[in-house]
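Engineer: Sequence below, structure please.
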Amino acid sequence: LGLAPLRHAAARRRQEAANWTVLYGFSQTLVPRPADWRPGLEVVGTWPPYVDPAERLPAELEDFLTAGPRPVFIGFGSMASGDGERLSELAVGALRRAGLRGVLQSGSAGLAAEGDDVLTVGDLPHALLFPRVAAVVHHAGAGTSAAALRAGVPSVPVPVTADQPFWAARLAALGAATDPVPFGELTAERLADALDRAARDGRHAHAAATAAHGMAGEDAVGRTVEAVEGVRG
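Structural biologist: Now for the predicted structure:
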């Protein structure tokens, strides 16, 4: 178009001066909007993955859920690839130390275990499973952290890298999670202790339920559509 080159810093200054709209997909229940942010920086809430209304949990999982007390979910998503055997033994050992049943999600780590008190599952919607468990052990990624909060269940965050320590700390600050256990420091003993507190300490459950109530009033998709329509118009 014959335009002069525009460096990144100059483009950013132009956008800031114009109050360029930026939409942030996290919940103010978890992280309040900073008071010094300019107009146009909008926190709209979390964008949950779409779940078909007709989708159901696998029959084997349904049978396991109804066969006893609420289990604990343990999964590390895309983290810990290739560490499945060690993590599986650690997870099962922690569950049995704590006297809890468990659902392991295989994920990239390849978690796998069998037994009357544990079931291994593959990919499935967290929105269908999380509300039916006693606690969620996860890597504290932004999406899984939000999913656990939306479900109103306590977390045991085991952050691995990047932004995960931040989200883990926010969950703990809300009281909706135990203190984070860094992945490199995870042991069966530490996980069992955290599981016991998450699943049986009513304070964590109450804080998670309170957060879920706050998030239920957010319409992230609706606000995003309005913003895009405004730009298009």
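Engineer: helices or strands up against the worst-scoring helix or strand of the chain on mean pLDDT?
Structural biologist: Within the chain, no helix or strand scores below helix 220-232, which has a mean of 88 by mean pLDDT, DSSP states H and E. Contact partners of helix 220-232 among helices and strands, from 3 or more C-beta pairs under 8 Å, 6 or more residues apart in numbering; DSSP states H and E: strand 22-24. Yep, even glycine has a C-beta here, placed from its N, CA and C like the rest.
Engineer: Identify the residues contacting the helix or strand just after the strand it packs on?
Structural biologist: Later in the chain than strand 22-24, the nearest helix or strand by DSSP states H and E is strand 41-43. With contact meaning C-beta atoms under 8 Å, 6 or more residues apart in numbering, strand 41-43 is reached by 21, 22, 23, 24, 26, 27, 28, 31, 33, 223, 227.
Engineer: Name the surrounding residues that touch the least confident helix or strand of the chain.
Structural biologist: By C-beta under 8 Å, 6+ apart, the list of residues contacting helix 220-232 reads 21, 23, 25, 42, 44, 45, 46, 47, 48.
Engineer: Which two of those have the greatest separation?
Structural biologist: Greatest spatial distance in the contacts of helix 220-232: 21 and 48, 21.6 Å, computed using C-beta to C-beta.
Engineer: okay, those two: which has more neighbours?
Structural biologist: More crowded of residue 21 and residue 48, by other C-beta atoms under 10 Å: residue 48, with 17 against 14.
Engineer: I'd say that one and residue 146 touch.
Structural biologist: Yes: if you go by C-beta atoms under 8 Å, residue 48 and residue 146 touch, sitting 7.4 Å apart.
Engineer: Can you turn the buried part of the contacts of helix 220-232 into a PyMOL selection?
Structural biologist: Here is the PyMOL selection string for the buried members of those, based on 16 or more other C-beta atoms under 10 Å:
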select buried, resi 23+25+44+45+46+48
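Engineer: Nearest to residue 141 among the contacts of helix 220-232?
Structural biologist: Among these, and counting by C-beta to C-beta, the member closest to residue 141 is residue 46, at 12.1 Å.
Engineer: so where is this protein shaky, pLDDT-wise?
Structural biologist: In the prediction, the chain carries residues with pLDDT under 70 at positions 233.
Engineer: Which stretches in this structure count as strands?
Structural biologist: 22-24, 41-43, 72-74, 102-105, 118-121, 135-138, 155-157 (DSSP state E).
Engineer: who wins for proximity to residue 91 among those strands?
Structural biologist: Per C-beta to C-beta, nearest to residue 91 of these: strand 72-74, 4.9 Å.
Engineer: May I have the strands that pair with that closest one, each with its orientation?
Structural biologist: Next to strand 72-74 in the sheet, as set by DSSP bridges, lie strand 102-105 (parallel), strand 135-138 (parallel).
Engineer: Can you tell me which of those strands is nearest to residue 156?
Structural biologist: Here strand 135-138 is closest among the strands paired with strand 72-74 (C-beta to C-beta), at 4.4 Å.
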